[in-house]
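>>> Following is a predicted model, sequence given first.
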Amino acid sequence: MDIIISNSSKNPIYMQISNQLKEHILKGSLSEGEALPSIRSLAKDLRISVITTKRAYEELETAGFIDTVAGKGSFVAAQNRELIFEQRLRKIESKLADILDEAGMIGLTSEELAKMLKLIEED
């Protein structure tokens with residue numbers, strides 16, 4: 001499992017860790033019940049503060065991606081992939097609605113937006 005920290009990212013380090021672990025879980029490269037590295041071990045490997053790693057794990061636990069057992073460690077939680085998919089789909093739909101509103105304010109058509117999306121995708 002690779003976690004890459006970017007100091008030039010606009011996201012804080014704990015969020016970068018949390019997002020990458022979520023991605024690994026959703027893609028299946030981390031499976032249900034699989035143990036995650038200890039907070040101290042991950043902090044040491046990434047050369048960051050234990051507090052930062054702890055915050056990332058807390059975020060994941062709050063979101064239901066991991067379970068932490070005192071004295072045993074943190075493990076990938078059972079996921080309802082359909083529910084997660086639906087939640088992400090709603091988030092995308094909301095962002096697209098915002099984009100359509102913004103585009104409408106300056107007179108962009110949906111065809112022009114589609115072309116912009118295609119250009120961005122090609123980058």
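Cool, the structure landed. Numbering: from 1, shown residues only.

>>> Is the residue of the chain most remote from its centre in a helix, a strand, or coil?
The outermost residue of the chain relative to its centre, with distances by Cα atoms, centre = their mean, is residue 107 at 32.9 Å. Using DSSP: H, G, I helix; E, B strand; the rest coil, the three-state assignment for residue 107 comes out as coil.

>>> Now do the phi/psi pair for it.
Recorded main-chain torsions at residue 107 are phi 80, psi 20, according to degrees, to the nearest 10.

>>> Next, work out how far apart it and residue 114 are.
Summarising the geometry, the distance separating residue 107 from residue 114, computed by Cβ to Cβ, to the nearest Å, is 15 Å. The way it works is simple: take the backbone N, C-alpha and C, and place the C-beta from them, glycine included.

>>> Could you break this protein into its assigned domains?
13-76, 81-122 (automatic domain parsing).

>>> So which bits of the helix or strand of the chain with the lowest mean pLDDT are buried?
None of the helices or strands of the chain scores lower by mean pLDDT, DSSP states H and E than helix 81-105, at a mean of 88. The neighbour-count criterion (16 or more other Cβ atoms under 10 Å) identifies residue 84 as the buried residues of helix 81-105.

>>> counting contacts, what elements does it pack onto?
Counting contacts by 3 or more Cβ pairs under 8 Å, 6 or more residues apart in numbering; DSSP states H and E, helix 81-105 packs against helix 110-122.

>>> tell me the contacts of residue 95?
Going by Cβ atoms under 8 Å, 6 or more residues apart in numbering, residue 95 touches no other residue.

>>> what about residue 42, neighbour count?
22 (other Cβ atoms under 10 Å).

>>> State the distance from it to residue 13.
From residue 42 to residue 13 the distance is 11 Å (Cβ to Cβ).

>>> Packing partners of the strand or helix carrying residue 75?
Mapping residue 75 onto the secondary structure by DSSP states H and E places it in strand 73-76. Secondary structure elements in contact with strand 73-76, counted by 3+ Cβ pairs under 8 Å, 6+ apart, are helix 50-62, strand 66-69.

>>> Out of those, indicate the one that is most buried.
Among these, the stretch with the highest mean neighbour count (mean count of other Cβ atoms under 10 Å) is helix 50-62, at a mean of 18.
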